[in-house]
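# give me a model of this one.
(2 chains)
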Amino acid sequence: AQSVTQLDSQVPVFEEAPVELRCNYSSSVSVYLFWYVQYPNQGLQLLLKYLSGSTLVKGINGFEAEFNKSQTSFHLRKPSVHISDTAEYFCAVRARSGYGNKLVFGAGTILRVKS
Amino acid sequence: NAGVTQTPKFQVLKTGQSMTLQCAQDMNHEYMSWYRQDPGMGLRLIHYSVGAGITDQGEVPNGYNVSRSTTEDFPLRLLSAAPSQTSVYFCATGMRVATNEKLFFGSGTQLSVL
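Below you'll find the model as predicted:
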């Protein structure tokens, strides 16, 4: 089975400052990793994903994440945040093998961007 | 293209009542699933389906039933609602293609059980 730990429940940051949202995962098998974003009163949408290849992946809205296999981490970063980045961010994992697209989500990190 | 449509958006039930949350998709996705979202717990998988006629349990299936008679629809049934089922429910769909891993989410159903 897989599990995901998002190390911060809330991250306040000023506009134009850099931000890192931390995610650690646990799995006995190889995994795919994802970050999803949820804006207020909306469903989730995919921000970026790591399937294979380069460990640094770039997503939408200027976000990027780095897969670190030895530390079992997949931290999300943005060099300069905007007010519009205020949202809840979810890290998710699924086993590479197996049936279906089942994702296991972390508890979420609320990013609050202040002016 | 509507994508993933969930109805209703809001619902209030009394303990013991039954209801069905509807999920419809027009993307011809094989995979459909139901999650519940609770504060501080993220999203937890209730049930999922990899195609018409095939369903399976997720992490928190108790108190919920599903069926998949068509590719497009995946209703979630609460047979006897309990206050512990107060939550926001999301339907999510996707293609069963490893190179195109992505879930598409509906806008959610906010359910309160009194």
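# in chain B, where's the longest strand?
For chain B, the strand with the greatest residue count under DSSP state E is strand B:42-51.
# ok, what's across the strand from residue 111?
All of this is about chain A. Beta-bridge pairing for A:L111 (DSSP bridges): A:V11, A:A87.
# you looked at the wrong chain, it should be chain B
Counting by DSSP bridges, B:L111 is bridged to B:Q11, B:S87.
# state the distance from the residue in chain A positioned nearest to chain B to B:P83.
Nearest to chain B in chain A, going by CB to the nearest CB, is A:G43, at a distance of 3.3 Å. C-beta here means a position set from N, CA and C on the backbone, and glycine is covered the same way. The gap separating A:G43 from B:P83 is 24 Å, by CB to CB, to the nearest Å.
# those two: which has the busier surroundings?
Higher neighbour count among A:G43 and B:P83: A:G43, with 22 against 10, using other CB atoms under 10 Å in any protein chain shown.
# and that one, how far is that from B:F10?
From A:G43 to B:F10 the distance is 15 Å (CB to CB).
# buried sites along the helix or strand that the longest strand of chain B is followed by?
Using DSSP states H and E, the helix or strand that follows strand B:42-51 in sequence is strand B:54-57. Buried residues in strand B:54-57, counted by 16 or more other CB atoms under 10 Å in any protein chain shown: B:T55.
# per-residue confidence for the residue of chain A closest to chain B?
Reading off the confidence values, A:G43 has pLDDT 88.
# touching, it and B:T93? I think so.
No. Contact criterion CB atoms under 8 Å: A:G43 and B:T93 do not qualify, at 11.0 Å.
# show me whatever sits in contact with both of these two.
Counting by CB atoms under 8 Å, 6 or more residues apart in numbering or on different chains, the shared contacts of A:G43 and B:T93 are B:V4.
# run through chain A and note the low-pLDDT ranges.
Of all residues in chain A, those with pLDDT under 70 make up the ranges A:98-101.
# hang on, the earlier thing: and the residue of chain A closest to chain B, how close does it get to A:N68?
Counting by CB to CB, the gap from A:G43 to A:N68 is 29 Å.
# sheet-wise, list the partners of the longest strand of chain B with their directions.
So strand B:42-51, judged by DSSP bridges, has these partners: strand B:31-38 (antiparallel), strand B:54-57 (antiparallel).
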